[in-house]
Every structure is written in structure tokens, then in C-alpha cells.
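A.B. asks: I would like the atomic coordinates for the input below:
(chains A and B)
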2 protein chains.
Amino acid sequence: MASEKPYLAVTCTAPVNIAVIKYWGKRDEELILPINSSLSVTLHQDQLKTTTTAVISKDFTEDRIWLNGREEDIGQPRIQACLREIRRLARKRRSGDEEDQLPLSLNYKVHVASVNNFPTAAGLASSASGYACLAYALARVYGVESDLSEVARRGSGSACRSLYGGFVEWQMGEQADGKDSIARQVAPESHWPELRVLILVVSAEKKLTGSTVGMQTSVKTSPLLKFRAEAVVPARMAEMIRYVKERNFQGFGQLTMKDSNQFHATCLDTFPPISYLNDTSRRIIHLVHRFNAHHGQTKVAYTFDAGPNAVIFTRDNTVAEFVAAVRHSFPPESNGDKFLKGLPVKPAPLSDELKAALGMDPTPGGIKYIIATQVGPGPQVLDHPHAHLLGPDGLPKPTV
Amino acid sequence: MASEKPYLAVTCTAPVNIAVIKYWGKRDEELILPINSSLSVTLHQDQLKTTTTAVISKDFTEDRIWLNGREEDIGQPRIQACLREIRRLARKRRSGDEEDQLPLSLNYKVHVASVNNFPTAAGLASSASGYACLAYALARVYGVESDLSEVARRGSGSACRSLYGGFVEWQMGEQADGKDSIARQVAPESHWPELRVLILVVSAEKKLTGSTVGMQTSVKTSPLLKFRAEAVVPARMAEMIRYVKERNFQGFGQLTMKDSNQFHATCLDTFPPISYLNDTSRRIIHLVHRFNAHHGQTKVAYTFDAGPNAVIFTRDNTVAEFVAAVRHSFPPESNGDKFLKGLPVKPAPLSDELKAALGMDPTPGGIKYIIATQVGPGPQVLDHPHAHLLGPDGLPKPTV
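C.D. replies: Residues are numbered from 1 along each chain as shown, chains lettered A, B, ... in the order given. Alright, predicted model coming up:
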């Protein structure tokens, strides 16, 4: 038996993903098994990512975790489920293959630190990138090489889709134990290079129904959700995969919008009803349809998750004009210079015809800022020791 | 044959109705046959009504119509459909029963004048009371005594429900010719005396998708609407009729809210999506659920038609407290003295517990005013000649 190293640190990054066929509702709360399959686009980590360091050491006396610099309760059930699952997989691997034994003890405690490079205020589901990154980092330090769908999924359902780049399907599976409820890549990030993503961060006023509780209520009370999951989504999954493979933006964009609308429809059919869209969200929807109508084709598509922010899909040749239309309809209030983040977008003139076609009274300050990004790769390992968020003592570095 | 009178004038009034199981979508555009049955509550004409005078005279050279004092095109297809249908029924009656022949010629032209006692700005569907009143008045001058569902329905689908007081069902029917698509009274206006209705008129900013076009798009594009009409509404109709008969407010209120929400869900599932609810509507929904949660029972229920205004159902012993809660959450902006119209509502104190339970930041001016009313009777004939909106010359009286 090899002598055990006293200390191992791994740092990874993982991406945010945006569903274009939506996941809403679990058939098993404990295992986090969904009532329908879903499909997402992985966003580029240059703009949005979680970074996580996992360290195991014989000197640690307990598991600990820091999120965005603050220590959190490691006892949270979902974090515990991930830890339990990764250790189970690690044990399974060792017992199955003596030769491939790892140098470090499975009994070593782990310290984890995780940071997002995007503010929570952006309303982006940080749980997906967060749990994907946690699963990926834990797998590296504990020497697990099997599919991590289950580990990530136990943290947050949609996290399993952040384990891959490009276009990712989460197959709902049929088994009661969830072994076949896994993520797989439909097409890599290089597949559709002209695709662009704009996140329109909306000024929101109120806290929302959390998605965990929201889905539970929807599953219990919405007859439309049950119908959607059983009778609508299967065909839409097949259709969406085809559009992605064919790089058919018309089809992709229209189905993305329809599925977002249907998800929010099932939220409204929930009792009491759930409303994630606000008046600004609805103005964005209106803007997109008017923009497309003006051009006589679907050049831009929206999707909304459990919040009022819009995620816009378009192609590189349309970004500048659409951003100009957004600026026109939602004039930036105070932070005009910081209105646009991420990928550079050239200023573009807005034709009088298009302005007239939009037919909206401007809503100053309705959109706080835009993040311009694109499709990106899956989780990455950062090799440079400077990347670690935890020092050799297993505590957060002062700069974090 | 009796000698023909040269002139006959009839003036009627008809009520507004509010659906608690919603009608949305036609299976026949021409005959106005719905894809599902619906159920409504007839509102009292002391607060909301249409008044219509129909005059036939041998001296008139053409059919003419005045709405709210302004002459309109009598050639509008839906008005023409009503006129054609009423004359068909009148001819049928005469040919069937010579004894019962009427004194006036069917060939006499008709003049019609119609006014609403509520502003269009109230966002209440004036087409229902308007076409019910037109059908009722025409039937009287042309001597038609058969069921008027079809005549009213040809003007506006939901108008057939305004032909009766109390609680009214519009049975969708099965026949292709629509003969069995008729309204019938489920319970009279005296059935549930403690029931009260509050119309919360919301400050709206934009024009909406008209319901005719909206339904067409929904029928064409929403998979959820089709499912709702076929699989959800039939059971809900039976359930709602039971609740009404039992005067079960818990059941009635909850199902009313669920059905309103599901109707708006199908609007959102339409492509492009239709949004009739705005942020104020959603705040009202939230307020109602918080109010009920505070009381541990459904004391108040909302329903929304094709616009942002809420119609609230409650019982007499809850009106004062709920109005106080509305005043607290939506402080009147300028017209504090005109905030409450219709039935008198006593001021009521709002407990600190309830204020805290509502947990909302006040939205000044979000609600323009409230109309307090109750369940009321069907169309009425006004016998006094002063009631006529048209003078002996067949033209609108100067005071109108």
C-alpha cells in the first residue's frame, strides 16, 4: 500500500447553465429526480462561473465549507448528500480495483471554499454552477472518475447540466433509484459558434418563491404541469435536440420562448399562484416579439427562469442591433457606462422604422445591466497553486 | 289580420356578468360556439348595467344604432348577426302560430340606442351586457319569446350569460349548429344573499390584446388550453355548480381563483404570449392570499378577465375589513373621496396583526377605485316612457 500524502488540494471552475426546455418539479424529493427531461445551454465561464477549492488533509478534524468567503453550515442536507455520495463512489472504486488505489485516506476530512464571479443580485441560479463545481472538486480530491450526475443532482437538480459544456440534456430516467437520471452532452460548445447570450438583469423589488418550494407546490396543485411533463415535454425534447444539431435558430428560438412561457404558465396555474415575471419581464417579451416581427423572422429569443431576469439568445450579427433596441426601450438610469458587461458589443444605430415598430414607451431603469456572453465549456481544473482559495492551513486565503 | 301599429318602442336593461369558470376559445368562430362550458355570476344593475331602447316604425327607412350617444355602423357583422337571428325567430313564430300574430311588420326598420352606466375605463366587458340588452330589446319589439341565448351569443359569446340573474351556466353544447349551446340559470339572485362583489379598477398603462383575437391565437397555439378545455373544465363545472348550490364559500372561492389563474396560464402559454395581469394585479393576488392565510380560511377570492382589474368575491361580513386592507396596500392617490363607489361600505379598523400579515409595501395609486356590488337579476323591461333613449322621431333624446 502506497504511503498516504498528508494533504491534497484541487481547484476547479464550473459554468452556469440556462435551460431552454425547463425543469420544474420532482418525482422524488430525496433523490432529486425530475418529472420531465430538460435541456440547457452552458454559458461561458469568462463571464459567469463558480470557483471551488477542495482540500483534504489528515490534520483536519471536521468537514468545513466557506461560500463567498463566509463559513456556512456543512450540515446542510444537500451538501451532506453530495459528500456522502462522493465518498460512496470513492469507496466503490477502491474496492473494485485495488491497483488503482488512491494515496489519500477516504476518512480525511475536507475543507471546501467556493466563490462566484457574479453577484447573487444577478438572479442567476448559482446553485447549478455551485453544486457542479463542488461535485467536480470533490471527485478530484477523492479520486472519483465515474459520472458525476448523481452527485451534482443531489445538490441541485439542474447542477448536473453544468457538468458539461455546450448543449446538455438531463434525461429524467425511469428507475426508482435514479441511476438513469443523468446529464449528457448533446453538442459541444464549438458546435454553434455564432450563438450569443445576453442576460438582461431586471430591477426587481421583491423576494420570490424559492424554486424548491415553488416546484413542490406546482407538482401538488397544477393540473397543467402534470400534463406538460407527460404530454408536451417529450416531443419538445426531441424537437429541441434536432434544432440544436441542425443549428436551426428559428426553431431553437421559437421553442425556447414557448417553453419558457409554458413553464411560467404552470407557475401561474399553481395554487397559490407563483409569478416570477414582472412588468419589465413582460416588456422584454413584447420587445423581442416586436423586434422579430419587424425583421420577419426569429432573430432573438427569450427565456426566463425562476425570476424576472431575461436570458436572450441571438446570433453574433444581431447582438449590436438588439442591444441598441434594449437601450432605447430601457434607457440606463445612472450606470450608463456599466450598462454592458462581458463580451464587447459595438454601438449600433437604431433605424426609425425599428424604433416605430417597437412601439413602446421607454422604461428608464427597468433593466439594471446586460451581461453579454456565449456558449462555453464544462468544468475546468485550475493547475496553478495560486488558484487555490484555501491556504496550506486549510483556511480561506485573506484575499478571498 | 289586425291593423298594424305604426310605432313600437321598448327599453330594457341588462347586467354585467363575471365568469368564475372562464370561457376562452371558440370551436366555431361564426356561430360563436365555445370549446368549454363556463359559469358566471350576474352583477347587480344598481351598479352596472346597459340600457337599450329599440324602436320599430313604418317610417324608418333603415336600421340605425347609437352607442353611448354616438351613431355606430349598423353593418358590423355581430350586430347584423343579432338582427338577422331575431328576425328569423320572429318569422318562425308567426309562421308557426297564426293566432299569435304580432301587430307590427317584421319589415319595419329598427332604431337602437344603448348606454352603459359604467365607464369603458372600468375595463368591464361591456359587450356582454350590451349584446344581452340588444337581444332582449329586439326580442320585445319583434315579439320573440323563445330562448335568446343564440341571439345574444352571436353578438358576444359571454352575452348569453347576461340573459339571466344569479348564477348562470353557459353549456357549450355538442351540436354543430349550436342549438344546444345555451345559457341557463343555476341559482337565482336571491340564492346567496350574503355574497358581495368588489371590482378593483387598476391603473393600467397599455392597451391589451382584444379577447376575440386573443382567443383565436390561444386556440391555435396553446397545448395547455386544449387540455384545460377537454380535461379540466368539465369536472370544474360540476364542482362549481355544487359549491354554488351548497353556498360553500371556501370551495367557491378557491375554485374561482384556480380557474382565473388557469385561464391566465393558458394566455401565457399562447404564442406570442398574452399577459392581461400586471404588477398591480399580482399584488392584489398576493394580498388576497395573505388575507386568507391570516384568517386561516378563504374569506376573499379574486378573478381576472381579459384585463388587469380584479373582481373580488366575499361575504357581507368581510367587505369592510377587506376594503380597509386594500386601502392600506393601495393608498388612494388623489380621489380619496371617490375611491369607493356602489354599495356603502363602513370604515373598519385594520389590526396590526393583519397589517403585518399582509407584509407588502404600499403601492399608492395602484388601484383607481372600487365598485362595491352584489349578485343581481337578469334583464328588465322599463315601462315608463321617460326611460326611452330614443324620442318619437326615432332619434336619441337630447339628454342622452
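A.B. asks: low pLDDT regions in the stretch 1-150 of chain A?
C.D. replies: Scanning the stretch 1-150 of chain A with the threshold set as pLDDT under 70 gives A:1-5, A:96-104, A:120-125.
A.B. asks: just the helices in it please.
C.D. replies: A:77-96, A:126-142, A:149-155 (DSSP state H, counting those that start in this stretch).
A.B. asks: next: the stretch 301-400 of chain A.
C.D. replies: Under DSSP H, counting those that start in this stretch, the stretch 301-400 of chain A gives helices at A:316-329, A:352-358.
A.B. asks: got TSV for the helices of the stretch 1-150 of chain A, with distance to residue A:289 and mean neighbour count too?
C.D. replies: C-betas here are computed from N, CA, C, even on glycine. Below are the helices of the stretch 1-150 of chain A laid out as TSV (distance: least, Cβ to Cβ, whole Å; neighbours: other Cβ atoms under 10 Å in any protein chain shown):
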stretch	distance to residue A:289	mean neighbour count
helix A:77-96	38	17
helix A:126-142	28	27
helix A:149-155	35	27
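A.B. asks: can I get those helices in TSV with distance to residue B:304?
C.D. replies: Output for the helices of the stretch 1-150 of chain A, formatted as TSV (distance: least, Cβ to Cβ, whole Å):
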stretch	distance to residue B:304
helix A:77-96	37
helix A:126-142	33
helix A:149-155	38
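A.B. asks: most tightly surrounded among the helices of the stretch 301-400 of chain A?
C.D. replies: Greatest average neighbour count among the helices of the stretch 301-400 of chain A goes to helix A:316-329 (a mean of 19), per mean count of other Cβ atoms under 10 Å in any protein chain shown.
A.B. asks: elements contacting that one?
C.D. replies: strand A:195-202, helix A:279-295, helix A:352-358, strand A:367-374 (3 or more Cβ pairs under 8 Å, 6 or more residues apart in numbering or on different chains; DSSP states H and E).
A.B. asks: right, so of the ones you listed, which gets closest to residue A:113?
C.D. replies: strand A:367-374 (24.2 Å; Cβ to Cβ).
A.B. asks: so how many other residues sit close to the residue in the stretch 301-400 of chain A positioned nearest to chain B?
C.D. replies: At 7.8 Å from chain B, residue A:361 is the closest residue in the stretch 301-400 of chain A, using Cβ to the nearest Cβ. Using other Cβ atoms under 10 Å in any protein chain shown, residue A:361 has 8 other residues around it.
A.B. asks: could you do residue A:385 as well?
C.D. replies: Applying other Cβ under 10 Å, we find 9 residues neighbouring residue A:385.
A.B. asks: tell me the spacing between it and residue B:28.
C.D. replies: To residue B:28, residue A:385 is 74 Å away according to Cβ to Cβ, to the nearest Å.
A.B. asks: again, but for residue A:286
C.D. replies: Taken as Cβ to Cβ, the span from residue A:286 to residue B:28 is 31 Å.
A.B. asks: between those two, who's got more neighbours?
C.D. replies: The residue with more neighbours, out of residue A:286 and residue B:28 and counting by other Cβ under 10 Å, is residue A:286; that gives 18 against 13.
A.B. asks: measure the more buried one to residue B:282 for me?
C.D. replies: The spacing between residue A:286 and residue B:282, counted by Cβ to Cβ, is 17 Å.
A.B. asks: how about residue A:17?
C.D. replies: Relative to residue B:282, residue A:17 is positioned 28 Å away (Cβ to Cβ).
A.B. asks: for these two, indicate the residue with more neighbours.
C.D. replies: residue A:17 (32 against 18).
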